[in-house]
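>>> Sequence and predicted structure below; questions after.
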Amino acid sequence: MPCGRNGARTFRGAAVSTVAESADRHRSEPTVLQALRRPRLLTREVIAGLVVALALIPEAIAFSVVAGVDPRVGLFSSFVLAVVIAFTGGRPAMITAAAGAVALVIAPVAREYGSDYLIVTIALAGVIQVLFAMLGVARLMRFIPRSVMVGFVNALAILIFLSQMPQLVDVPWAVYALVAVGLGILIVWPRITRVVPAPLIAIVVLTVVVVGFGLSAVPNVADQGELPRSLPELLIPSVPGTWETLQIIAPYAFAAALVGLLESLMTAKLVDDITDTRSRKTREAWGLGVANIASAFFGGTGGCAMIGQTMINVKTSGGRTRISTFMAGAWVLVLVVVLGDIVGLIPMAALVAVMIVVSVMTFDWHSIRPSTLKRMPLSETLVMLVTVVATVWTHNLAVGVILGVLAAMVLFARRVAHFTTVTREVDGDIARYRVDGELFFASSNDLTTQFEYAADPPNVVIDLSRTHVWDASTVAALDAIVTKYESRGTAVELRGMTDAAARFHGRLSGELGSA
């Protein structure tokens, strides 16, 4: 224990340091106005947007192929989505663009019915997302357990890594060397300086190497599809306004709306945790809907938050405001329309290296450490694994998260059900039962088996003061117990229910039919 003048100074210094560290950890992020007034912050946001745009271009082209549309459609969609969401969204620095999850859902529409039907499908998906926001669906995020969030993050990291594998199959040996060099730059450069993002340095260096040494066999961005040469145009779809049209597009629109909204809200929560800030999920929901409506009428494929590009922006490049989101969209347009010939020279190896590092940084390595797994309840680990396996197996984040939440609900109900106990005491001609734990469908199903109907004396008292009646299943179980006792001529008294439980029980008791 430090004492005296030096000890006091040491103690005060430690206290000040602790307070300063806490304030630094929980400080608010800069606003757009603050960034505009500070050249260093503004430069960081603009460069972050550029790095994200370089990573967006090949993915937008790839997702266009998945959706069955021209690559220019995906690129214009990314531009419109990023620019609109920068003004309407609720999560600063999150990147929204044409996404693979949405492309997979809407692919049958473009393939079977054409681009006009695709436009109205995406527009309807946007309207549904706005309606979801108005109904407060975003608030349901609080019901997603942490183990599902961890599984979501880990699954995304795996999917990001796996999505790079096609670029490393059946390619020249130089590609592997370039990826290795790119990984080296991405690991070493941040230790030298963070003024210029490492991904930008890796992209520039590898592009110069490929062009300088004439490595024409190395795949580049231009090989992924034709880049647009003009600005996007407003499109009005020509589809019949009939009930049949709605029947065709509604299932795809609803699925796209749900997948896009779920991925965006989960990504927003992840960025909240990384930056120690809070975002408005309801605004993000309707902002995404507005962005998708705008994207649709410019012929876009629709989209949602991009976890990989968001991690590049937030963790790798240091983006923190809506400026980086806006600039990501603006840079996409500038790069593909004005500087398309230069962008086409960027080797895919550079982007693969960036995405591999992003996947490694995204994965929650702490969650799979032996020490963590040893301390973590088995049910929590199982929920995480269900989320990861379902997401990676289906390549559908919505399926993974929904199955993870369902698994968490089932395992939680199973655990809570085992916490309910019934104890019996006999005092003369009275048998007293005390019920401990919560009574709901999972715990009350076998409640009727916990009583000694034949052995009990003429009077039975059931003490419910240490429990709560939560649902109709419990009321039905209590009715069944009373009925069984009364059929034997035994008097039963239920005691100790709270006022709310007593009112609930009184309203349903005897009205549920035979048990």
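Now that the structure is in, tell me what you want to look at.
>>> Okay, now the unreliable bits of the stretch 401-515 of the chain?
416-419, 511-515 (pLDDT under 70).
>>> Kindly report the same for the stretch 151-300 of the chain.
In the stretch 151-300 of the chain, no residues with pLDDT under 70.
>>> which residue ranges form the helices in it?
If DSSP state H, counting those that start in this stretch is used as the criterion, the helices of the stretch 151-300 of the chain fall at 173-192, 198-212, 243-275, 281-296.
>>> Can you tell me which of those helices is nearest to Leu156?
helix 243-275 (8.4 Å; CB to CB). To be clear about C-beta, it is placed using only N, CA and C from the backbone, and glycine gets the same treatment.
>>> Taking helix 281-296 as reference, get the angle to the closest one.
130 degrees (axes from the mean of the first three to the mean of the last three CA atoms, to 10 degrees).
>>> Output the contacting helices and strands for helix 243-275.
When contacts are defined as 3 or more CB pairs under 8 Å, 6 or more residues apart in numbering; DSSP states H and E, helix 243-275 packs onto helix 100-113, helix 115-134, helix 146-162, helix 281-296, strand 303-305, helix 307-311, helix 397-417.
>>> In a markdown table: these, plus distance to Val181 and mean neighbour count.
Rendered in a markdown table, the data for these read as follows (distance: least, CB to CB, whole Å; neighbours: other CB atoms under 10 Å):
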| stretch | distance to Val181 | mean neighbour count |
| --- | --- | --- |
| helix 100-113 | 27 | 21 |
| helix 115-134 | 40 | 22 |
| helix 146-162 | 19 | 22 |
| helix 281-296 | 36 | 25 |
| strand 303-305 | 30 | 31 |
| helix 307-311 | 21 | 27 |
| helix 397-417 | 32 | 18 |
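>>> need these in JSON lines with distance to Ala55, can you?
As requested, the helices and strands packed on helix 243-275 are exported to JSON lines (distance: least, CB to CB, whole Å):
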{"stretch": "helix 100-113", "distance to Ala55": "14"}
{"stretch": "helix 115-134", "distance to Ala55": "23"}
{"stretch": "helix 146-162", "distance to Ala55": "11"}
{"stretch": "helix 281-296", "distance to Ala55": "19"}
{"stretch": "strand 303-305", "distance to Ala55": "14"}
{"stretch": "helix 307-311", "distance to Ala55": "5"}
{"stretch": "helix 397-417", "distance to Ala55": "19"}
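>>> Among those, which comes closest to Leu33?
Comparing these by CB to CB, helix 281-296 comes nearest, at 18.7 Å.
>>> ok, the nearest residue to Ala413 once chain neighbours are set aside to Val435 distance?
Nearest residue to Ala413, sequence neighbours excluded (CB to CB, 6 or more residues apart in numbering): Ala442, at 4.1 Å. The gap separating Ala442 from Val435 is 15 Å, by CB to CB, to the nearest Å.
>>> Ok, Gly136 next?
Counting by CB to CB, the gap from Gly136 to Val435 is 35 Å.
>>> The two: who's more crowded?
Comparing Gly136 with Val435 by other CB atoms under 10 Å, the one with more neighbours is Val435, at 24 against 11.
>>> returning to what we had before: tell me which of the helices of the stretch 151-300 of the chain is the most buried.
helix 281-296 (a mean of 25; mean count of other CB atoms under 10 Å).
>>> Which other helices and strands does it contact?
Against helix 281-296 (3+ CB pairs under 8 Å, 6+ apart) you get helix 71-88, helix 115-134, helix 243-275, strand 303-305.
>>> Helix 115-134 and the longest one, what's the angle between them?
Yep, that's helix 243-275 we're talking about. Going by the same axes, to 10 degrees, helix 243-275 makes 50 degrees with helix 115-134.
>>> next one: helix 243-275 to chain centre, how far?
Offset of helix 243-275 from its chain centre (CA atoms, centre = their mean, to the nearest Å): 11 Å.
>>> now swap in the second one and tell me
In terms of CA atoms, centre = their mean, the centre of helix 115-134 is set 20 Å apart from its chain centre.
>>> Which strands or helices does that helix pack on?
Against helix 115-134 (3+ CB pairs under 8 Å, 6+ apart) you get helix 100-113, helix 243-275, helix 281-296.
>>> for the first one, same thing?
Contact here means 3+ CB pairs under 8 Å, 6+ apart; on that basis helix 71-88 packs against helix 39-67, strand 96-98, helix 281-296, strand 303-305, helix 322-333.
>>> For Pro172, find the nearest of those.
helix 39-67 (17.9 Å).
>>> Can you give me the buried ones in the closest one?
41-42, 44-64, 66-67 (16 or more other CB atoms under 10 Å).
>>> got it, and stretch 227-240?
Here stretch 227-240 shows 227-228, 232, 237, 239 as buried, counting by 16+ other CB under 10 Å.
>>> Let me see the residues that make contact with it.
Contacting residues not belonging to stretch 227-240 are listed as 57, 71-72, 75-76, 79-80, 115-117, 119-120, 221, 245, 297-300, 333, 336-337, 340, 343-344 [CB atoms under 8 Å, 6 or more residues apart in numbering].
>>> sorry, back to before: how about CSV for the helices of the stretch 151-300 of the chain, with distance to Val388 added?
Converted to CSV, those look like this (distance: least, CB to CB, whole Å):
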stretch, distance to Val388
helix 173-192, 24
helix 198-212, 26
helix 243-275, 14
helix 281-296, 23
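>>> Count residues in the vicinity of Ser465, would you?
Counted with other CB under 10 Å, Ser465 comes out at 12.
>>> Helix or strand: which one has Leu33?
Take DSSP states H and E as the rule and Leu33 turns out to sit in helix 32-37.
>>> now that helix, how far from the centre of its chain.
So, by CA atoms, centre = their mean, the centroid of helix 32-37 is 29 Å from its chain's centroid.
>>> With respect to Asp479, which of the helices and strands packed on helix 243-275 lies nearest?
helix 397-417 (19.6 Å).
>>> Show me what the helix or strand following that closest one is packed up against.
Using DSSP H and E, the helix or strand that follows helix 397-417 towards the C-terminus is strand 421-427. Secondary-structure packing of strand 421-427 (3+ CB pairs under 8 Å, 6+ apart): strand 430-439.
>>> With that, I have no additional questions.
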